[in-house]
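# Okay, predicted coordinates and the sequence, questions at the end:
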Amino acid sequence: MLPESFFTGIIDLFFYSCGLSFVLFLIAFFGQKFLQKIQWTRNPRGIFRRGLGVLILIVGIAIFTGIDKIVEAKLVRIGYDGGLEIEKKIAEHFEEKLVK
């Protein structure tokens, strides 16, 4: 869905960036503290780190080959919206307040 105006697009992009930055900060901050408490995640040659490396490779290959788009299209077809309704309500709320 494209925004109705340039201003709406800028507001959407701003709040998307803020939300993404906040979530990534929380993951980095609390994830580091959590992983420090679990000893088996600290071994660079351990199964956990190797598993993460394989997962990153699989995701990269999926993006490069376009498989990710196929999976996303199938998820949309079966009805998974990924929380889009919540995002739409929040965007409408802020748009109403900013336009007035």
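Perfect, thanks for sending it.

# residues of stretch 60-71 that come out buried?
By neighbour count with 16 or more other Cβ atoms under 10 Å, stretch 60-71 contains no buried residues. All C-beta atoms are positioned from the backbone trio N, CA, C, and that covers glycine.

# quick one: contacts of it?
The contact list for stretch 60-71 (Cβ atoms under 8 Å, 6 or more residues apart in numbering) reads Val59.

# and if you look at stretch 39-56?
35-36.

# Ends of it, what's the gap?
End-to-end span of stretch 39-56 (Cα to Cα, to the nearest Å): 22 Å.

# What does the pLDDT read for Met1?
Note for Met1: predicted pLDDT of 58.

# Ok, Phe64 next?
On the pLDDT scale, Phe64 gets 96.

# Name the next helix or strand downstream of whichever strand or helix holds it, please.
Using DSSP states H and E, Phe64 maps to helix 47-65. Of the helices and strands lying after helix 47-65 in sequence (DSSP H and E), the nearest is helix 67-77.

# the inter-axis angle of the helix holding Phe64 versus helix 67-77?
80 degrees (axes from the mean of the first three to the mean of the last three Cα atoms, to 10 degrees).

# how far is helix 47-65 from where the chain is centred?
How far helix 47-65 lies from its chain's middle: 17 Å, per Cα atoms, centre = their mean, to the nearest Å.

# go on, stretch 70-89?
13 Å.

# Can you give me the end-to-end span of that stretch?
By Cα to Cα, the extent of stretch 70-89 from end to end equals 27 Å.
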